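Chemist: Everything below, folded, please.
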Amino acid sequence: MKKTGSFVAVAAALALFSCTEKKADSVRLFNGTDLTGWVLYMQDSTLNPQQEFVVRDSVIALSGPFGYVRTDKAYSNYKLNAQWRWPDSATNSGIFVNIQQDGIWPDCYECQLWNGRAGDLINSGGADCAEYRADSTLMIVTKMNASNEKPVGEWNSAEVICDDSTVTVYINGELQNRITGVSNNKGYIGLQSEGGPIEFRRVELTPLE
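Modeler: Here you go, the predicted model:
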C-alpha cells in the first residue's frame, strides 16, 4: 500500500508540474504575406492607405504619412514582440498598445521609436498612469537608460509587456521603461507611421499566464 500511495503522489506531482510549466502559445499578428487582421488608419483622407501601408518582401512597410495599422482584435495581459528598422534614414514612429479609441493620436500607450528616444512611453489621447497622475508633466515618461538603437538598415527588437496595470518596455533586450497603474489595460495593438519610411516584421503576441 505504501508503494502504491507513493506512486500516486509522484504521478500527481508530475502532472501538476507539467501543467504549471506549460507555456502559452504565441500568436503571429502579422502573417508575413498581407495585412489580414489589421485595420488601416490615416490622417490624410486624400491618400490611399492601401498604397502607403503595404507588405513588401515579408515586412510591413509604412511610407510615412501620419497614421497607423492596428489589429482588428483587442488584447489584454500579453507580451508583444516586434522588430523594426529604418530603410533609408532614422526618423519617427512608435508601437501602440491598449488602443481604446482611434484617432491621429489614439487613446493608448505609445512605445516611442523616434530616433534616439526608443523606449520612451507616451500617455496618448487621454490614457494615463500612476506616474502621470503624480506629476502631470509626465505625458512622456522618459526611458531609463542611454539609447541602444542599431544603425539605419539593421533590425531592432522591441518587447512590450502589458501585465494588467503595468506596461514594461525592453529595447534590444535592455529594460528601458515601466509605467504602473495604467488606465487602459486592454485594447488594440498598432504600428505607427509618422514622418518617414519604417518597416516591421515578426510581430508576435504571447498571452501571459
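Chemist: low pLDDT regions in this structure?
Modeler: The chain contains residues with pLDDT under 70 at 1-24.
Chemist: Show me which strand runs longest in it.
Modeler: The single longest strand within the chain, with elements called by DSSP state E, is strand 198-207.
Chemist: Which strands or helices does that one pack on?
Modeler: Secondary-structure packing of strand 198-207 (3 or more CB pairs under 8 Å, 6 or more residues apart in numbering; DSSP states H and E): strand 27-28, strand 59-62, strand 78-85, strand 188-193. Glycine gets a C-beta too; all of them are placed from N, C-alpha and C.
Chemist: Just give me the neighbour total for residue 102.
Modeler: Look at residue 102: counted by other CB atoms under 10 Å, it has 16 neighbours.
Chemist: actually residue 32, sorry about that
Modeler: 13.
Chemist: does it count as helix, strand or coil?
Modeler: Secondary structure, DSSP: H, G, I helix; E, B strand; the rest coil: residue 32 is coil.
Chemist: hmm, back to that, any chance of the helices and strands packed on strand 198-207 in TSV with distance to residue 199 as columns?
Modeler: Compiled in TSV, the helices and strands packed on strand 198-207 are given as follows (distance: least, CB to CB, whole Å):
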stretch	distance to residue 199
strand 27-28	17
strand 59-62	4
strand 78-85	5
strand 188-193	10
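Chemist: highest average neighbour count across those?
Modeler: strand 188-193 (a mean of 25; mean count of other CB atoms under 10 Å).
Chemist: Give the other helices and strands that that strand contacts.
Modeler: strand 38-42, strand 59-62, strand 67-71, strand 94-101, strand 107-112, strand 198-207.
Chemist: Go through the ones you listed and pick out the most buried.
Modeler: strand 107-112 (a mean of 26).
Chemist: still on that earlier bit, nearest to residue 164, of the helices and strands packed on strand 198-207?
Modeler: Set against residue 164 and scored by CB to CB, the helices and strands packed on strand 198-207 come closest in strand 78-85, at 10.7 Å.
Chemist: Can you give the distance of that closest one from its chain's centre?
Modeler: In terms of CA atoms, centre = their mean, to the nearest Å, the centre of strand 78-85 is set 5 Å apart from its chain centre.
Chemist: Now do it and strand 107-112, the angle between them.
Modeler: Calculated by axes from the mean of the first three to the mean of the last three CA atoms, to 10 degrees, strand 78-85 forms an angle of 50 degrees with strand 107-112.
Chemist: Nearest to residue 70, out of the helices and strands packed on strand 198-207?
Modeler: The nearest among those, by CB to CB, is strand 188-193 at 3.7 Å.
Chemist: quick one: that closest one to chain centroid distance?
Modeler: Relative to the centre of its chain, strand 188-193 is centred 8 Å away, using CA atoms, centre = their mean.
Chemist: With stretch 90-101 instead?
Modeler: Per CA atoms, centre = their mean, the centroid offset for stretch 90-101 relative to its chain is 8 Å.
Chemist: Export it to CSV, keeping only CA atoms.
Modeler: Presented in CSV, the C-alpha positions along stretch 90-101 are these (Å, rounded to 0.1, in the frame of the first residue of the first chain):
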residue,chain,number,x,y,z
ALA,A,90,16.1,57.2,-39.0
THR,A,91,13.0,59.4,-38.3
ASN,A,92,10.0,58.8,-36.1
SER,A,93,7.5,56.0,-35.3
GLY,A,94,6.0,54.1,-32.4
ILE,A,95,4.3,51.0,-31.2
PHE,A,96,0.8,51.5,-29.8
VAL,A,97,-0.6,49.2,-27.1
ASN,A,98,-4.0,49.1,-25.4
ILE,A,99,-5.7,51.4,-28.0
GLN,A,100,-9.1,52.2,-26.7
GLN,A,101,-10.2,54.7,-29.4
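Chemist: Perfect, I'm done here.
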